[in-house]
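Colleague: I would like the atomic coordinates for the input below:
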Amino acid sequence: MQIYLPIAEVSVNAFLLLGLGGLVGLLSGMFGVGGGFLMTPLLIFIGIPPAVAVATEANQIVASSFSGVLAHLKRRTVDLKMGVVLLIGGLIGAFLGIQLFNYLKSLGQVDLLIKLSYVTFLSIVGGLMFVESLRAIMKNKAGAVPTRRKHTWLHNLPGKMKFRVSGLYISVIPPILVGVAVGVLAAIMGVGGGFIMVPAMIYLIGMPTKVVVGTSLFQIIFVTAFTTIMHATTNFTVDVGLAVLLLVGGVIGAQIGARIGTRLKAEQLRILLSLMVLGVCLKLGLELLIEPGELFSIGAGGH
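Modeller: Residues are numbered from 1 along each chain as shown. As a prediction, this is how the structure comes out:
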């Protein structure tokens, strides 16, 4: 069933969009990522303009993340206090990211920025997560006791706060900086930023993996909602029809994903996520490097 999307100015299959929304919702519930790192490239692959894909996907992430958070709240695996600290940084970052997005859009360079941002960040994060997860699995097989690395500089920073759910007593500065970075990415790349936030929360801040997923989703809801409103009011690139179809699939998928996620070990979750990140990165990288099938040239008309 083909439907026409007025903002994107393309016709797409409605069932394909529902399926994509469900897949991304599933990832959201399983890994604590908004799923935008996968959905935005997928939308670009099926012909949605990058600027519309970014703005509309931010809207879909709100619903799938909200659905995932409800499932995690029931299990008491959300650190609300840490989520609020991350959110403060996230809103600052999202505002800065929108300003950069608008500036580059005025120069006509925003599509290239989106694709290059994906290739850069996905390759770095995917590679690091894959190596770290593989190392953890090898240690478990060898019977070694996993140890969490201590960041001494983290404990010396001012502005310390107790996070009882995470069992931490650390400075609020690192979580705020992580939030700012994720907010910028949310605005430019149409992502919740979970693929950056989840590794940062585990390896940099030192949060337990079981609390990371729900806390990441809590922050993502508000940052992506803010990003959507900014894009809709300044760029007019949010396609409501596209968003609704993605929302319906995303909400259903998030509930299923949250159930699956609780049955897998933390190392297995991380290695699966890293493989997906690297797969999407490879596809986007090839698209930038391979010469397109149709080449267009602009020249003076005449006989």
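Colleague: which SS class is Thr237?
Modeller: When classified by DSSP: H, G, I helix; E, B strand; the rest coil, Thr237 comes out as coil.
Colleague: per-residue confidence at it?
Modeller: We have a pLDDT of 71 for Thr237.
Colleague: any weak-confidence spans in the stretch 51-200 of the chain?
Modeller: 60, 64, 143-155, 190-195 (pLDDT under 70).
Colleague: mind listing the strands in it by residue range?
Modeller: Ranges of strands in the stretch 51-200 of the chain, per DSSP state E, counting those that start in this stretch, are 160-163, 168-171.
Colleague: quick one: Val125 and Val198 touch, right?
Modeller: No. With contact defined as CB atoms under 8 Å, Val125 does not count as touching Val198 (9.2 Å). C-beta coordinates here come from the backbone N, C-alpha and C atoms, glycine included.
Colleague: between these two, who's got more neighbours?
Modeller: Neighbours per residue, other CB atoms under 10 Å: of Val125 and Val198, the larger number sits with Val198, 25 against 21.
Colleague: can you tell me how far that one sits from Gln99?
Modeller: The gap separating Val198 from Gln99 is 26 Å, by CB to CB, to the nearest Å.
Colleague: same deal with Ser67?
Modeller: Applying CB to CB to Ser67 and Gln99 gives a distance of 30 Å.
Colleague: And Gly257, by the same measure?
Modeller: 33 Å.
Colleague: the more surrounded of those two?
Modeller: Gly257 (28 against 13).
Colleague: Show me the helices in the stretch 151-300 of the chain, by range?
Modeller: For the stretch 151-300 of the chain, the helices defined by DSSP state H, counting those that start in this stretch cover 152-156, 173-189, 194-199, 209-234, 240-261, 266-289.
Colleague: quick one, the fifth one and helix 209-234 angle?
Modeller: Using axes from the mean of the first three to the mean of the last three CA atoms, to 10 degrees, one finds that helix 240-261 and helix 209-234 are set 180 degrees apart in direction.
Colleague: From the contact counts, what lies against helix 240-261?
Modeller: When contacts are defined as 3 or more CB pairs under 8 Å, 6 or more residues apart in numbering; DSSP states H and E, helix 240-261 packs onto strand 2-5, helix 14-31, helix 50-74.
Colleague: ok, now with 10 Å
Modeller: strand 2-5, strand 10-13, helix 14-31, helix 36-45, helix 50-74, helix 209-234 (3 or more CB pairs under 10 Å, 6 or more residues apart in numbering; DSSP states H and E).
Colleague: which parts of the last one are buried?
Modeller: Right, the one you point to is helix 209-234. 209, 211-228, 230-232 (16 or more other CB atoms under 10 Å).
Colleague: thought Phe121 was touching Ile196?
Modeller: Yes. Here Phe121 lies in contact with Ile196, judged by CB atoms under 10 Å, at a distance of 6.8 Å.
Colleague: Who has more neighbours out of those two?
Modeller: Applying other CB under 10 Å to Phe121 and Ile196 shows that Ile196 carries more neighbours, namely 24 against 21.
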